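1. this one's sequence-less:
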Ligand SMILES: NC(=O)c1ccc[n+]([C@@H]2O[C@H](COP(=O)([O-])OP(=O)(O)OC[C@H]3O[C@@H](n4cnc5c(N)ncnc54)[C@H](O)[C@@H]3O)[C@@H](O)[C@H]2O)c1
Ligand SMILES: N[C@@H](CCO)C(=O)O
Ligand code: NA
């Protein structure tokens, strides 16, 4: 028998408790030992929960519960006391399963090393893309390959919001409220909409994929709060959809021919409607992995929600239990090298740029000249005329450019110079583009 301590009984924790209680016999057969739920650390004994659970399992003494357990499942979220409780478990040699990407993106490398020193295992499949097996495939199935790029929709809340805005014209606030009601959003949904949750997952994916420590601070991050209904409509008109993408790549530093480094970023991105990631709807997640020998792989499924996320937690729990029964806890991966992070000159991307300009002769060529000065090549341009008589000198036009790939540095400088042209009234949007 293995004693399991559960820390936190919210959306995910309550589903983990339910599965442990309902499915005991079959879990025992699969694990090689009975997984006994020894107790659940909660903040309030009387809180309303998604699942009816025996009250005698609840305790407010989390430390004592941890001390009594062989396996600890942390689903409280946040940094403290989750971090101290995980360390307490690891230091007494208990293995830990967590879904806490915020903590791992901040302190992962230190926690992994501590687990390694104490012969304990720290697993976190639930922390990235919920139910989708992605951590285990990267750590194990692809451990004999060289991963070069990971591209993913890894936040269900923002995908749900953008999808609702795109398909039903829903307002941002209404779509967010629905995502919260469905249990996708973090306790503080700012982490979702500002991209921090996706950035934490991107840091974890990059750390494992490239065997180098990447923390939240290394991730360039932009959320979806500035994406407007007009951006979505304009994208739709041009055959694109807007997704919040996490992108982690191995790159060449300097102007593209230097040493190897990594670039990890999260931002709203235009994708052609025929791109496989464009078809990822609602709160679903998907992760593309490119590896030298495997080629392109795509992992798709439910990235959030109590039951799907509990499935990933249970997978880690059974795997860890099996290894404990066999007397050989698995190693927690630690970084094997330290790759530098790329600056803006090491990141190659495409931009979509929307401008409001005066509808006068010569404006287009002046704008085009700025692109040329920075060596940025234009892939496509659309012009929409605004109100006022064309050519009368007082009317406006909207221009939308899509560029070929160029360095982030050249693109940012191009946008800055375009803003300074007299004929340009405003830069209405700047979005990155993938898949063209
Ligand atoms: N909900 C999802 O879809 C999802 C998906 C993947 C990962 N996660 C991660 O799983 C973790 C849990 O998420 P959730 O959605 O279940 O959150 P939640 O807010 O629904 O549940 C967390 C629970 O922990 C309790 N808690 C917090 N501090 C505590 C303490 N000191 N002692 C005892 N209990 C405490 C809270 O009262 C709450 O009931 C988080 O790290 C989250 O990022 C969630
Ligand atoms: N808040 C997260 C939960 C899954 O990690 C999301 O919306 O994807
Ligand atoms: Na997962």
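-> Done, it's in. Values in this document were obtained by computation on a predicted structure and should not be read as measured data. Ligands and ions are numbered 1, 2, ... in the order given.
2. identify the bridge partners of residue 152.
-> Under DSSP bridges, the beta-bridge partners of residue 152 are residue 246, residue 287.
3. list the contacts of it.
-> Residues near residue 152 by Cβ atoms under 8 Å, 6 or more residues apart in numbering: 129, 201, 202, 205, 245, 246, 277, 285, 286, 287, 288. To be clear about C-beta, it is placed using only N, CA and C from the backbone, and glycine gets the same treatment.
4. next: residue 37.
-> Counting by Cβ under 8 Å, 6+ apart, residue 37 makes contact with 4, 6, 17, 20, 21, 57.
5. just the buried ones from these?
-> 4, 6, 17, 20, 57 (16 or more other Cβ atoms under 10 Å).
6. give me the nearest residue to the last one, chain neighbours excluded.
-> By that I understand residue 57. In space, and not counting its chain neighbours, residue 57 is closest to residue 40: 4.9 Å by Cβ to Cβ, 6 or more residues apart in numbering.
7. and the host helix or strand of the one you found, how far out from the chain middle?
-> In the assignment (DSSP states H and E), residue 40 maps to strand 35-41. Centroid displacement of strand 35-41 relative to its chain, using Cα atoms, centre = their mean, to the nearest Å, is 30 Å.
8. partner strands of the next helix-or-strand element following it, with direction?
-> Downstream of strand 35-41, the next assigned helix or strand under DSSP H and E is strand 58-59. Using DSSP bridges, the strands paired with strand 58-59 in its sheet are strand 35-41 (parallel).
9. looking at the contacts of residue 37, which are in helices?
-> Within these, residues falling in helices by DSSP state H are 17, 20, 21.
10. switch the contacts of residue 152 over to TSV; also include neighbour count and distance to ligand 1.
-> Formatted as TSV, these follow (neighbours: other Cβ atoms under 10 Å; distance: Cβ to the nearest ligand atom, whole Å):
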residue	neighbour count	distance to ligand 1
129	32	8
201	28	9
202	32	15
205	27	14
245	24	18
246	32	14
277	22	20
285	27	10
286	22	15
287	27	14
288	19	20
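11. pick the one among those residues closest to residue 313.
-> Nearest to residue 313 among the contacts of residue 152, counting by Cβ to Cβ, is residue 129 at 13.3 Å.
12. and that closest one, what does it touch?
-> By Cβ under 8 Å, 6+ apart, the residues touching residue 129 are 152, 154, 201, 285, 286, 287, 299, 301, 303.
13. any idea how far the second one is from residue 332?
-> If I follow you right, that is residue 154. With distances taken as Cβ to Cβ, to the nearest Å, residue 154 is found 21 Å from residue 332.
14. more crowded one of these two?
-> Neighbours per residue, other Cβ atoms under 10 Å: of residue 154 and residue 332, the larger number sits with residue 154, 31 against 24.
15. test my guess that that one contacts residue 201.
-> Yes. With contact defined as Cβ atoms under 8 Å, residue 154 counts as touching residue 201 (4.4 Å).
16. tally of neighbours for the residue in the stretch 1-150 of the chain positioned nearest to ligand 1?
-> Closest residue of the stretch 1-150 of the chain to ligand 1, Cβ to the nearest ligand atom: residue 10 (1.8 Å). For residue 10, the count of nearby residues is 18 (other Cβ under 10 Å).
17. how about it, nearest residue that isn't a chain neighbour?
-> If you skip the residues right next to it in sequence, residue 10 has residue 75 as its closest partner in space, 6.9 Å away by Cβ to Cβ, 6+ apart.
18. now swap in residue 291 and tell me
-> In space, and not counting its chain neighbours, residue 291 is closest to residue 145: 4.2 Å by Cβ to Cβ, 6+ apart.
19. same question, residue 74
-> Per Cβ to Cβ, 6+ apart, closest to residue 74 is residue 98, 4.2 Å.
20. neighbours of the one you found, just the number please.
-> Residues near residue 98, counting by other Cβ under 10 Å, number 27.
21. now residue 366
-> Residues lying near residue 366 (other Cβ under 10 Å) number 15.
22. that one touches residue 417, doesn't it?
-> No. Proximity of residue 366 to residue 417 does not meet the contact threshold set by Cβ under 8 Å, at 10.5 Å.
23. the residue nearest the centre of the chain: what's it in contact with?
-> Residue closest to the average C-alpha location in the chain (Cα atoms, centre = their mean): residue 198, at 2.7 Å. Residues near residue 198 by Cβ under 8 Å, 6+ apart: 154, 155, 158, 192, 221, 244, 246, 266.
24. who's in contact with the closest residue to residue 41 other than its chain neighbours?
-> Closest residue to residue 41 apart from its sequence neighbours, by Cβ to Cβ, 6+ apart: residue 62 at 3.7 Å. By Cβ under 8 Å, 6+ apart, the residues touching residue 62 are 7, 41, 81, 85.
25. emit the ChimeraX select command for whichever of those are buried.
-> This is how ChimeraX selects the buried members of the contacts of residue 62, with burial counted by 16+ other Cβ under 10 Å:
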select :7,41,85
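26. what pLDDT is listed against the residue nearest to residue 291?
-> Looking at residue 145, its pLDDT is 97.
27. with the one 10 residues further on instead?
-> With respect to pLDDT, residue 155 has a value of 97.
28. what do you get for the one 10 residues further on?
-> At residue 165, the pLDDT value in this model is 94.
29. doesn't residue 172 make contact with it?
-> Yes. At 6.7 Å, residue 165 and residue 172 qualify as touching, with contact defined as Cβ under 8 Å.
30. which element is residue 199 on?
-> Using DSSP H and E, residue 199 falls within helix 196-210.
31. that helix near ligand 3 at all?
-> No. Using Cβ under 5 Å from the ion, helix 196-210 stays clear of ligand 3, with a minimum separation of 9.1 Å.
32. quick one: name whatever helix or strand follows that helix.
-> Downstream of helix 196-210 (by DSSP H and E), the next one is strand 220-221.
33. and that next one, which strands flank it?
-> Strand pairing (DSSP bridges) places strand 220-221 next to strand 260-272 (parallel).
34. so for the strand it pairs with, mean pLDDT?
-> Strand 260-272 carries an average pLDDT of 96.
35. which parts of that strand are buried?
-> Result for strand 260-272 [16+ other Cβ under 10 Å]: buried residues 261, 262, 263, 264, 265, 266, 267, 268, 269, 270, 271, 272.
36. next one: stretch 345-362
-> The neighbour-count check on stretch 345-362 (16+ other Cβ under 10 Å) flags 346-355, 357-360 as buried.
37. residue contacts, the residue in the stretch 251-400 of the chain that ligand 2 sits nearest to?
-> Distances between the stretch 251-400 of the chain and ligand 2 by Cβ to the nearest ligand atom are smallest at residue 304, namely 3.7 Å. Shown in contact with residue 304 (Cβ under 8 Å, 6+ apart): 130, 155, 156, 157, 183, 184, 283, 285.
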